[in-house]
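Got a predicted structure here, sequence first:
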Amino acid sequence: MAVKVSIDMVSMIRSALESEVGPKYQRLAGAIDDGIAQGAIAPGSKLPPHRLLADSLGVTIGTISRAYGELERLGRVVARVGDGTYVRQQGMERQRDAGFRNVSDEPPASFDMSRNTHIPGPEIALMAQGLHALAQDLATLHDLSRYSAEAGLARHRAAGARWLSQEDFTAQAEQVICVNGAQHGLHITLMALLKPGDTLVTEQLTYPGLISTARMLGIKLIGLEMDAQGLLPQALDEACRNHRVVALYCTPSLQNPTTAVQSPARRQAIAELGRQHNLLLIEDEAHAVLMDQRPAPLSHFAPERTVLIGSLSKALAAGLRVGFVHAPVALVDRLAAAVRATCWMATPLTLELACAWIESPVGEALRQQQIAEIRRRKALVEGLLAGLEWRSPPGSPHFWIKVPEPWRASEIEAELKRNHYLIATAEAFAVGQAAVPQYIRASVCNTSDDDRLLVAGFGALARALGQGDGASAW
């Protein structure tokens, strides 16, 4: 049935178009926003189709599209592919506009499947042993208690190079900068190498920490189309031809949240586009360390322009706040200066403890233990997702699950939250004004060691999604 345009709505919008100043799409969006706020346009109601409203107001379809896009960016409406644009239900505001959440932001009574966190294990006892050994080494403690070079102590940078190296890529210690975790590494990279107003492209769904730090630094973000392998090279090429793009941020291995893994050919294509358009490539490898066998990083294909960011947070211990940035030699001093500007130096004490693990068999043993525990937990709950479309390659700490029609991801999220279960929806990771796919991310990495709670959480999720028989992994 055709959607009729409300006479009152048209009158309200036309009045704003005639009396207000500024671009038409902004005046139109403002009028609709006012109507929603005043209750004249009810939550959950469907807005008129673009062409119908454009004809009623005497404006172009492009103006309506930009107005609806602005309302979606503000979290006032949601675009449903093939179905139209709807006013959001109260309490389902867009998560990404509030920034990404800290662990303490939710009530402790909830069982949290929304975050990928490190699963506690033997590192607690090993940390105690390491701290005890350090307490007996007064010479090392004296060294650690002093200011160090901004990029880090030489032995810490060497350990960082070892952590970032893999079969097809060897990191160099002189190109490593020690940082207080991957988020700090990302922040100093953007702060040192981009400036306010620069345009950074990334996957359409990306790490919320990037969205927050880019907003803080005044950097413009453009989300790029993705497929099953992640970022599409043709989307990158088109964006560079239509915008003054300075840099690309992407996650080639275990992309967050879609779990996509780029093939070597895809990585090579992105590296070549980086050279063609003179882009800085920023590569996030925080989750990649959870793969037993990972493809060579972008740094292997374009070492002269790629900044590689890694950390110990997912594999060894999140609380240590230890990370490493590997950059072309020409950029090392600029990145080190950004470390000095933010915290003067990464914390030497935690670096000493972490690097001792990296340089001994302990680090690899802890990484393997984390990989095995993720695998064990996924095996416990995978059967509960029978009948649903999902993906979760080896090493991924979460499932990326398609929400069946007619449900919306926000509705599933709200229903589970009422029952004290937390998940993440695709909207928390979305960049730009394109329609957000109806997917949810559910992690097995809750810090609880009670398998019954994990099974209960995924069971509640499966019931909310109304699963059928037979698993469909893609």
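It's in.

What's the separation between the closest residue in space to Phe301 that isn't next to it in sequence and Gln262?
Distances taken as Cβ to Cβ, 6 or more residues apart in numbering place Ala271 nearest to Phe301, at 3.7 Å, with adjacent residues excluded. Every C-beta, even on glycine, is put in place using the N, C-alpha and C of the backbone. Separation of Ala271 from Gln262 (Cβ to Cβ, to the nearest Å) stands at 11 Å.

and if you look at Met191?
For Met191, the distance to Gln262 - Cβ to Cβ - is 27 Å.

Likewise for Ala442?
Taking Cβ to Cβ, one finds Ala442 at 23 Å from Gln262.

ok so, going back, pLDDT value on the residue nearest to Phe301, please?
At Ala271, the model reports a pLDDT of 98.

contacting residues for it?
Neighbour list for Ala271: 281, 298, 301-302, 306 [criterion: Cβ atoms under 8 Å, 6 or more residues apart in numbering].

Now with 10 Å, please.
233, 279, 281, 298-306 (Cβ atoms under 10 Å, 6 or more residues apart in numbering).

what's the answer for Ala128, then?
Contacts of Ala128 by Cβ under 10 Å, 6+ apart: none found.

so which strand or helix has it?
helix 123-135 (DSSP states H and E).

any idea of the mean pLDDT for that helix?
Helix 123-135 shows a mean pLDDT of 92 in the predicted model.

Quick check: His329 vs Val307, distance?
Residue 329: Val, not His. Applying Cβ to Cβ to Val329 and Val307 gives a distance of 12 Å.

Could you do Thr347 as well?
Taking Cβ to Cβ, one finds Thr347 at 21 Å from Val307.

When these two are compared, which one has more neighbours?
With neighbours defined as other Cβ atoms under 10 Å, Thr347 and Val307 compare such that Val307 has more, 27 against 18.

Double-check that the more buried one belongs to a strand.
Yes. Remark: Val307 belongs to a strand, assigned using DSSP: H, G, I helix; E, B strand; the rest coil.

for the stretch 1-150 of the chain, what spans make up the helices?
Secondary structure of the stretch 1-150 of the chain by DSSP state H, counting those that start in this stretch: the helices cover 7-19, 24-38, 50-57, 61-73, 123-135, 138-144.

Take these and write them to JSON lines, including distance to Gly363.
Formatted as JSON lines, those follow (distance: least, Cβ to Cβ, whole Å):
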{"stretch": "helix 7-19", "distance to Gly363": "61"}
{"stretch": "helix 24-38", "distance to Gly363": "52"}
{"stretch": "helix 50-57", "distance to Gly363": "55"}
{"stretch": "helix 61-73", "distance to Gly363": "43"}
{"stretch": "helix 123-135", "distance to Gly363": "10"}
{"stretch": "helix 138-144", "distance to Gly363": "18"}
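
out of those helices, deepest packed?
Among these, helix 61-73 has the highest mean neighbour count (mean count of other Cβ atoms under 10 Å), at a mean of 20.

what angle separates it from helix 50-57?
For helix 61-73 against helix 50-57, the angle by axes from the mean of the first three to the mean of the last three Cα atoms, to 10 degrees is 110 degrees.

what's the average pLDDT for helix 61-73?
pLDDT averaged over helix 61-73 gives 83.

Now do that helix: which elements does it pack against?
Using 3 or more Cβ pairs under 10 Å, 6 or more residues apart in numbering; DSSP states H and E, the elements in contact with helix 61-73 are helix 24-38, helix 50-57, strand 77-80, strand 84-87.

Confidence-wise, which of the ones you listed is weakest overall?
Among the helices and strands packed on helix 61-73, strand 77-80 scores lowest, at a mean of 76.

neighbouring strands for it, and are they parallel or not?
Note on strand 77-80: by DSSP bridges, its sheet partners are strand 84-87 (antiparallel).

For the strand it pairs with, which outside residues touch it?
Here strand 84-87 makes contact (Cβ under 10 Å, 6+ apart) with 3, 32, 35-36, 41-50, 64-65, 68-69, 71-72, 76-80, 408, 435.

ok, now which ones touch the nearest residue to Ala135 once chain neighbours are set aside?
Using Cβ to Cβ, 6+ apart and skipping the chain neighbours, the partner closest in space to Ala135 is Leu141 (7.5 Å). Contact criterion Cβ under 10 Å, 6+ apart gives 134-135, 348-349, 352 as the residues in contact with Leu141.

where do the contact lists of Val329 and Val307 overlap?
Shared contacts of Val329 and Val307, counting by Cβ under 10 Å, 6+ apart, come down to Gln175.

so where's this protein uncertain?
The chain contains residues with pLDDT under 70 at 1-8, 20, 80-83, 89-109, 467-474.

Apart from its neighbours in sequence, what residue is nearest the residue nearest to the spatial centre of the chain?
Taking Cα atoms, centre = their mean as the criterion, Tyr207 is the residue nearest the geometric centre of the chain, at 1.2 Å. Nearest non-adjacent residue to Tyr207, counting by Cβ to Cβ, 6+ apart: Asn256, 5.3 Å away.

ditto for Leu190
Leu217 (5.5 Å).

can you count the residues close to that neighbour?
Leu217 has 16 nearby residues by other Cβ under 10 Å.

check contacts around it.
Leu217 neighbours (Cβ under 10 Å, 6+ apart): 187, 190-191, 194-198, 200.
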